[in-house]
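Visitor: Provide a 3D model corresponding to the input given below.
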Amino acid sequence: MGHFKNGSVQVITGSTNVGIDVCAHSWSKQYSIFQENYTTFSVESRILDLKSVHVLHRPLIEPSLKYAIKYMLLADGKSIIGEYNATCLGKIRASCDGLIVIDNKLKKGELVIVNPVTRELSLLPLGTICLPHEESFGLVYCGTQGYKLVHLFLDESQFIGCEVLQIGEKSWKVIDGPSFGLMKWFGYDPVFAICALHWVPEVDHSEYIVTMTIDDERFHKITLPKSSRFNDRIMEVSERLCFVPHEEMNEISIWLLESLSSVTWTKKYTIAVGCIRNLIPLYFSRFKWELYFLDKDGSIFSFDFEFEQMRKIATEKGSFPISGASYSLHVNSLVSWQNKEKDHDTI
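Guide: As a prediction, this is how the structure comes out:
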């Protein structure tokens, strides 16, 4: 998600401000915590401003339909809720370097890109419109080219189509998608690592991942070291691709792929989880070898590789349940998509 000295991440973790931002639906109804006021940043209001819609012609939006955009900071064995004081109707579709892509519910199929810290917002050109469960988005930083948004989708002929938007351009570029039959499911967000986006193509029993190298925009099939099951995940760690499968009922292993030129997975570690079953890998810390897990009851655990210790994260009173919310990895920053050279300032 970029190289930051500090950051918060839509799982935001660690005393170094890495974390989880969660966009929680009907927040005010469920938790009676969030109340909009005149300082609240509304994505929809900003969109209407950009489109110069007169205040008398603006639609009335039921507050209970809005999401509150917040983040969770995991630090020193505790979780802390961070406020953006921001709302939106749409769900988060992609995240990178502090920028998030959100559905614009005021116009079907339209997307907006937002930095929730600086409140910079821009409308994106309309791309291919399809059902949410039949598409996937990935936002990546491409050096001097700026940011790219990749859109995979199931087309009318049941092939997987792909289009790429250079943020700031006025139209999407259509490219060849993955081979027929490779992608069967869009449930997990893609992971960016070793200069490529990676998708798990099936909900269970995936023998491979589908990879798109960003420079040449080509798709590849990479075999996993073992079949990926429902509670297994891929993630990025220290710019490498990591596969975290459940080996046995009480063991979780860590496999690393360091390069796409020589596709060789290396098993680095095995975690004995004891009586804690069904842990879902959630996030790998950027600043130390520490892996966060989500339990089926919504509890969060962390495993410290240095001390070989698993501990439960204390949840702040009033915290949102990650298991029931829409969340993605995110870094709080001052980054703007309008700058080709990325500003590394974070908060």
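
Visitor: For stretch 274-285, measure first residue to last.
Guide: 22 Å (C-alpha to C-alpha, to the nearest Å).

Visitor: what pLDDT, on average, does that stretch get?
Guide: What stretch 274-285 shows for mean pLDDT is 85.

Visitor: what do you get for stretch 93-109?
Guide: The model assigns stretch 93-109 a mean pLDDT of 94.

Visitor: Now do the buried residues in it.
Guide: If you call a residue buried by 16 or more other C-beta atoms under 10 Å, then stretch 93-109 has these buried ones: 93-106. Using the backbone N, CA and C atoms, a C-beta is placed for each residue, glycine as well.

Visitor: Export that stretch to PDB, keeping only CA atoms.
Guide: What follows is stretch 93-109, C-alpha atoms only, in PDB (Å, rounded to 0.1, in the frame of the first residue of the first chain):
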ATOM      1  CA  ARG A  93     -14.400  -0.900  -3.600                       C
ATOM      2  CA  ALA A  94     -10.600  -0.400  -3.500                       C
ATOM      3  CA  SER A  95      -7.900   1.200  -1.400                       C
ATOM      4  CA  CYS A  96      -4.300   2.300  -1.800                       C
ATOM      5  CA  ASP A  97      -2.000   4.700   0.000                       C
ATOM      6  CA  GLY A  98      -4.800   6.400   1.800                       C
ATOM      7  CA  LEU A  99      -7.000   6.800  -1.200                       C
ATOM      8  CA  ILE A 100     -10.300   4.900  -1.400                       C
ATOM      9  CA  VAL A 101     -12.700   4.200  -4.300                       C
ATOM     10  CA  ILE A 102     -16.400   4.300  -3.400                       C
ATOM     11  CA  ASP A 103     -19.600   3.600  -5.300                       C
ATOM     12  CA  ASN A 104     -21.500   6.800  -6.200                       C
ATOM     13  CA  LYS A 105     -25.000   5.800  -5.400                       C
ATOM     14  CA  LEU A 106     -26.400   9.000  -7.000                       C
ATOM     15  CA  LYS A 107     -25.500   7.600 -10.400                       C
ATOM     16  CA  LYS A 108     -25.600   3.900 -11.300                       C
ATOM     17  CA  GLY A 109     -22.100   2.500 -12.000                       C
END
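
Visitor: What strand or helix carries F153?
Guide: According to DSSP states H and E, F153 maps onto strand 147-154.

Visitor: Pairing partners for that strand, with directions?
Guide: strand 135-141 (antiparallel), strand 160-166 (antiparallel) (DSSP bridges).

Visitor: got the CA coordinates for it in CSV?
Guide: Taking Å, rounded to 0.1, in the frame of the first residue of the first chain, the C-alpha atoms of strand 147-154 are listed here in CSV:
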residue,chain,number,x,y,z
TYR,A,147,-2.5,5.5,-9.9
LYS,A,148,-4.3,2.8,-11.8
LEU,A,149,-7.7,1.3,-11.1
VAL,A,150,-8.1,-2.2,-12.4
HIS,A,151,-11.7,-3.6,-13.0
LEU,A,152,-12.3,-7.3,-13.5
PHE,A,153,-15.9,-8.3,-14.3
LEU,A,154,-18.0,-11.1,-15.7
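
Visitor: Which residues does it contact?
Guide: Strand 147-154 is contacted by residues 94, 96-97, 99, 101, 111, 113, 124, 127-128, 130, 134-142, 160-167, 172, 177-178, 183, 186, 190, 197, 199, 212, 214, 337 when judged by C-beta atoms under 8 Å, 6 or more residues apart in numbering.

Visitor: And stretch 122-134, by the same measure?
Guide: With C-beta under 8 Å, 6+ apart, stretch 122-134 has contacts from 47, 50-51, 91, 101, 104, 108-113, 149, 151, 153-155, 161, 163, 165, 167, 169-172, 186-187, 337.
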